[in-house]
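Trainee: model this:
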Amino acid sequence: MPGYGLTRARTMGPIAAAVSAAGGSLARVFGKAGIPLTLLDTPDRLILLRDQLKLIDAAIREIGDPALPARLSLSTGIAGLGPIGVQVRAAETLGAALARVEVVTPLLLQTATSTGLRRQGANAFYEYSVAERIESGRQANEILALGYLLGTVRHFLGPAWRPEHAVVTGATLTGRAQIQELFGSEVILGARAGLIFSLDQLDAPNPKRHDPGVPATGEDEPIGDDLAACVAHLIELGLDEARPSIDGIARRLGLSRRSLQRRLDDAGTRYADIQQRIMARRAKTLLAEPALPIGRIACELGYTDGSHFTRAFLEWTGMTPSQWRRDVRLRGPAKSL
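Mentor: Alright, predicted model coming up:
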């Protein structure tokens, strides 16, 4: 299995807000993480989980606050988890809520991560783990997650509730005293990250149960975690700055170019086919804006001039950009996109 995972761009919003509030430079933080700032305007888009971990690490260094992940998750609470928070508020008991979170987290919020409940004698160990084979930002991500886990339990047991212990991985923990003060419990180092508390607390009823009773929205759509889908998301993301290359995408995934090509071939597709589909979709979206010059669209898609873009678009659709734009006006965008 490839060592990658995806997460929603909305997870970056609180990080960016904290950096700005502390007087840090968002451009510098996002630049160090290799992420375009434009993602803040599209919270439902997908990014690599490893990029989110890099962003957390860069934010901590920018403002000099090792306890930043704990502050973020505790201040945001379960409401900041979007559809995950909805699942928590709708559960009858704490145990039922943790079971729901275990199922929906890798589907709706981020892949390559998991939560789970294990019994340790009279105690429960509510575990969080990341399957990514990366180290930058891993411990900070665990602390961020533990804050959200605390928020989940406190929804049932009250804001004053404290776990017996919080556990993070790693050999050392910078800012431990600050993090312990925020969590209200001792933070120890172990093989797995999580919270330790009494098993009998799993039966605690939901004091503020809420049934949303609304239809699903875009943020409730499962995240596709197959390699082809991941490559497509990365190509689309790369178009915010410049046309991405297969070598650049392979590096982002921690793969060699040849390994990426081989895995895509095994999945029945090619990088060029995925890129063409994404480029055509982005081109059509831009062409649907009548005031946007075709030459400007060509530049945004990485073409040196309009003629190269026109030839490419003709190969994709059988129409020139001008013809397609006229067709949109005549038929309406819903029929042409």
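Trainee: got the buried residues for the host helix or strand of residue 177?
Mentor: For residue 177, the host element (DSSP states H and E) is helix 176-183. Within helix 176-183, the residues that qualify as buried by neighbour count (16 or more other C-beta atoms under 10 Å) are 176, 179-180, 182-183. No exception for glycine: its C-beta is placed from N, CA and C like everyone else's.
Trainee: need the next SSE after that helix, C-terminal direction.
Mentor: strand 187-189.
Trainee: what does that next one contact?
Mentor: 165-173, 176, 179-180 (C-beta atoms under 8 Å, 6 or more residues apart in numbering).
Trainee: reformat these as JSON lines; add pLDDT and distance to residue 127.
Mentor: What follows is these, written out as JSON lines (pLDDT from 0 to 100; distance: C-beta to C-beta, whole Å):
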{"residue": "165", "pLDDT": "93", "distance to residue 127": "13"}
{"residue": "166", "pLDDT": "97", "distance to residue 127": "12"}
{"residue": "167", "pLDDT": "97", "distance to residue 127": "9"}
{"residue": "168", "pLDDT": "96", "distance to residue 127": "12"}
{"residue": "169", "pLDDT": "94", "distance to residue 127": "11"}
{"residue": "170", "pLDDT": "91", "distance to residue 127": "16"}
{"residue": "171", "pLDDT": "92", "distance to residue 127": "20"}
{"residue": "172", "pLDDT": "94", "distance to residue 127": "21"}
{"residue": "173", "pLDDT": "95", "distance to residue 127": "18"}
{"residue": "176", "pLDDT": "96", "distance to residue 127": "20"}
{"residue": "179", "pLDDT": "96", "distance to residue 127": "18"}
{"residue": "180", "pLDDT": "96", "distance to residue 127": "19"}
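Trainee: buried ones only from the residues you listed, please, as a PyMOL command.
Mentor: To isolate the buried members of the contacts of strand 187-189 in PyMOL, using 16+ other C-beta under 10 Å:
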select buried, resi 165+166+167+168+169+173+176+179+180
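Trainee: quick one, strands of the chain?
Mentor: Listed in chain order, the strands of the chain (DSSP state E) span 6-8, 46-48, 113-120, 123-130, 165-168, 187-189, 193-198.
Trainee: out of those strands, which comes closest to residue 17?
Mentor: Judged by C-beta to C-beta, the one of these that comes nearest to residue 17 is strand 6-8, at 15.9 Å.
Trainee: centre of the chain versus the closest one, how much separation?
Mentor: 2 Å (C-alpha atoms, centre = their mean, to the nearest Å).
Trainee: tell me the mean pLDDT for that strand?
Mentor: In this model, strand 6-8 carries a mean pLDDT of 79.
Trainee: where in this structure is pLDDT low?
Mentor: Applying pLDDT under 70 to the chain flags the ranges 1-4, 80, 108-109, 134-135, 211-226, 241-242, 332-337.
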